[in-house]
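Asks: Below are the sequence and a predicted model for it; my questions follow.
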Amino acid sequence: MRVLVVEDHLELAQSVARVLRREGMAVDLAGDGRAALDRASLMDYDVVVLDRDLPGVHGDEVCGHLVEHAPRTRVLMLTASGTLAERVEGLSLGADDYLAKPFAYAELVARIRALGRRSQPAQPPVLVHGDLRLDPAQRSATRAGMRLALTPKELAVLEYLLAARGRAVPAEELLERVWDEAADPFTTTVKATVNRLRAKLGEPPLIETVPRSGYRI
């Protein structure tokens, strides 16, 4: 899942990003409304976590732009006010969900995951391929009943390949959807992660390299 966090409070934004990255999400940051619009014009985000009270371009305007120009992107609006009137107004602007500050990170993660599922084609709650099972909600994977010790990135790559349902996924697409702006597009990070994942999945091999097309399960 690729997420854009739009928040002018740098410490809060970085804290949210750390939590989401531990959950295997690819996270970009924007500190104001203009930066958010610029990033949204370049990247197709699954979810935008949007502070309503932004400097420069207001969060309401950013939300309206996303609703009009990026209809697949889900918007979770954040605000310091949790009154009913504020929530109704935020949702009426086209936001998909609304969360008042301060919030619990566990609830934020759960809401983002719920919105992310709505931005994608419908997937079963547990992804299964043979004796391999991946539970996205629990962030866990097993093979032949044995739990796999996967890093968040390995788990995210595995989830993306399983969700592709046999389609060969190019390395460039994995880099874009699983990693964030901090990733160097010229490194072998995708190949290295896939190789580690293959080793942890064991035998018989599950991940196939399709020449000139990418990887598939």
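Replies: Here it is on my side, so go on.
Asks: Just give the number of residues close to the nearest residue to A144 once chain neighbours are set aside.
Replies: Ranked by Cβ to Cβ, 6 or more residues apart in numbering and with sequence neighbours excluded, the top spatial neighbour of A144 is D131, at 4.6 Å. No exception for glycine: its C-beta is placed from N, CA and C like everyone else's. Here the count is done by other Cβ atoms under 10 Å, and D131 has 12 residues near it.
Asks: hey, where'd the helices end up in this structure?
Replies: For the chain, the helices defined by DSSP state H occupy 10-22, 33-42, 59-69, 84-92, 105-119, 152-163, 171-178, 189-201.
Asks: For A40, see how far away the residue nearest to A144 is.
Replies: 40 Å (Cβ to Cβ, to the nearest Å).
Asks: same question, T193
Replies: For T193 relative to A40 (Cβ to Cβ), the value is 27 Å.
Asks: Give me the below-cutoff pLDDT ranges for the protein.
Replies: Applying pLDDT under 70 to the chain flags residues 81-84, 86-87, 90, 119-123, 182-186.
Asks: what about 50?
Replies: Within the chain, not a single segment meets pLDDT under 50.
Asks: that older thread, highest mean neighbour count out of the helices of the chain?
Replies: Highest mean neighbour count among these (mean count of other Cβ atoms under 10 Å): helix 152-163, with a mean of 22.
Asks: and V27, how many neighbours does it have?
Replies: Neighbours of V27 (other Cβ under 10 Å): 24.
Asks: which ones are touching it?
Replies: By Cβ atoms under 8 Å, 6 or more residues apart in numbering, the contact set of V27 is 3-5, 16-17, 20-21, 180.
Asks: One more: R177?
Replies: With contact taken as Cβ under 8 Å, 6+ apart, R177 is in contact with 1-2, 26, 160.
Asks: In terms of distance to L12, which of those ranks first?
Replies: Using Cβ to Cβ, A26 comes nearest to L12 of those, at 19.1 Å.
Asks: what pairs with the residue nearest to L20 when sequence neighbours are not counted across the strands?
Replies: The shortest distance from L20 to any residue that is not its chain neighbour, by Cβ to Cβ, 6+ apart, is 4.9 Å, and that residue is V27. Note on V27: beta-bridge partners by DSSP bridges are V3.
Asks: now do E208
Replies: Beta bridges link E208 to R216 when assigned by DSSP bridges.
Asks: number of nearby residues for it?
Replies: E208 is flanked by 14 other residues according to other Cβ under 10 Å.
Asks: doesn't L201 make contact with it?
Replies: No. Applying Cβ atoms under 8 Å, one finds E208 not in contact with L201, separated by 11.9 Å.
Asks: picking that back up, in TSV, list the contacts of R177 along with distance to E176.
Replies: Output for the contacts of R177, formatted as TSV (distance: Cβ to Cβ, whole Å):
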residue	distance to E176
M1	12
R2	7
A26	8
Y160	10
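Asks: hmm, which of these are the buried ones?
Replies: Restricting the contacts of R177 to buried positions leaves 1-2, 26, 160, with burial counted as 16 or more other Cβ atoms under 10 Å.
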